[in-house]
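1. how does the following fold in three dimensions:
(chains A and B)
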Amino acid sequence: ETGVTQTPRHLVMGMTNKKSLKCEQHLGHNAMYWYKQSAKKPLELMFVYNFKEQTENNSVPSRFSPECPNSSHLFLHLHTLQPEDSALYLCASSQVSGGGRSTDTQYFGPGTRLTVL
Amino acid sequence: AQKITQTQPGMFVQEKEAVTLDCTYDTSDPSYGLFWYKQPSSGEMIFLIYQGSYDQQNATEGRYSLNFQKARKSANLVISASQLGDSAMYFCAMREVSGNTGKLIFGQGTTLQVKP
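-> Here you go, the predicted model:
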């Protein structure tokens, strides 16, 4: 496996279900991200993890719960979702350099297309 | 507040011709980076090209080049010799150095269709 992988690629769940999205990066990066892409809207950053520590939570509802057990894996745990949460969820990773550099390119996985019934 | 604007919801181009996708940005941070990504119908965001705010020359990557006009705060993507496989959604994004979180702000995207 190379790059950033995400599983499952498609997920249909009811509002009372609990499910998890998984992301794995094989690039040796130290930062990972969750984005949400709804139809006809720009990508919205949800969470950022640097060195396994959450550094940003972009006012995401608590029904979305991230977990980063190590720098290669990132999970998004879902529970009691709403139909408006149906979207493409994209994971990304990057190598964040000390001192701050704008060149830290984020590389994305293929996404999980989530449908909430 | 930082902002990215892509004013072209959809564009058409004839195969083998060049096309320019517009992007303007707004930031008060003197140090920032600008990125272009391609998103085919499969969903994956593919990194295309990067331009740093202090770079003196416009970035180029194969058929992709970035027309960076700092005073106008624009970073347009130029695709030369369009191919059918270039049909996709294209996103412009910006990262500010301050804060060092790696946070990217994306534009609304432009859908490009290449006609044979």
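
2. can you pull out the strands in chain B?
-> B:3-5, B:10-14, B:19-21, B:24-26, B:32-39, B:46-52, B:60-61, B:64-69, B:74-79, B:88-96, B:104-106, B:110-115 (DSSP state E).

3. by average pLDDT, which secondary structure element in chain B comes out worst?
-> Comparing every helix and strand of chain B by mean pLDDT, DSSP states H and E singles out strand B:104-106 as the least confident one, with a mean of 90.

4. low pLDDT regions in chain B?
-> Across chain B, residues meeting the criterion (pLDDT under 70) sit at B:1-2, B:98-102.

5. residue numbers of chain B in contact with chain A?
-> For chain B, the residues in contact with chain A under the definition CB under 8 Å from any CB of the partner chain are B:4, B:31-33, B:35, B:37, B:42-47, B:50, B:52-53, B:91, B:95-104, B:106-109. Where you see a C-beta, it was placed from the backbone N, CA and C, and this is true even at glycine.

6. in chain A, where is pLDDT below threshold?
-> Counting by pLDDT under 70, chain A shows low-confidence ranges at A:1, A:98-103.

7. residues contacting the residue most central in space within it?
-> Chain A has A:W34 as the residue nearest its centroid, 2.4 Å off, counting by CA atoms, centre = their mean. Counting by CB atoms under 8 Å, 6 or more residues apart in numbering or on different chains, A:W34 makes contact with A:23, A:45-47, A:66, A:74, A:76, A:89-91.

8. and it, how close does it get to chain B?
-> Between A:W34 and chain B the computed distance is 12 Å (CB to the nearest CB, to the nearest Å).

9. and for A:G14?
-> With distances taken as CB to the nearest CB, A:G14 is found 23 Å from chain B.

10. residues of chain A that sit close to chain B?
-> Taking CB under 8 Å from any CB as the measure of proximity, chain A contacts chain B at A:31, A:33, A:41-43, A:45, A:48, A:50, A:55-56, A:88, A:90, A:92, A:94, A:96, A:99-111, A:113.

11. what's the nearest residue to B:V78 if we skip its chain neighbours?
-> Once flanking residues are discounted, B:V78 sits nearest to B:S65: 4.7 Å by CB to CB, 6 or more residues apart in numbering or on different chains.

12. tell me which residues touch that neighbour, please.
-> If you count contacts by CB under 8 Å, 6+ apart, B:S65 has them with B:49, B:58-59, B:77-78, B:80.

13. would you turn those residues into CSV with neighbour count?
-> Putting those into CSV (neighbours: other CB atoms under 10 Å in any protein chain shown) gives the following:
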residue, neighbour count
B:I49, 21
B:N58, 15
B:A59, 20
B:L77, 27
B:V78, 16
B:S80, 13
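
14. tell me the one of the residues you listed nearest chain A?
-> B:I49 (9.9 Å; CB to the nearest CB).

15. need the contact list for residue 74.
-> I went with chain A, as the question did not name one. Under the criterion of CB under 8 Å, 6+ apart, the contact list for A:L74 reads A:22-25, A:32, A:34, A:49, A:66-68, A:91.

16. should've been chain B
-> If a contact means CB under 8 Å, 6+ apart, then B:S74 has B:22-25, B:67-68 as its contacts.

17. now do 10 Å
-> Going by CB atoms under 10 Å, 6 or more residues apart in numbering or on different chains, B:S74 touches B:5, B:22-25, B:34, B:67-68, B:92.

18. now do B:A88
-> Listed by CB under 10 Å, 6+ apart, the contact partners of B:A88 are B:37-42, B:46, B:109-114.

19. and if you look at A:N70?
-> With contacts defined as CB under 10 Å, 6+ apart, A:N70 is in contact with A:24, A:32, A:51-52.
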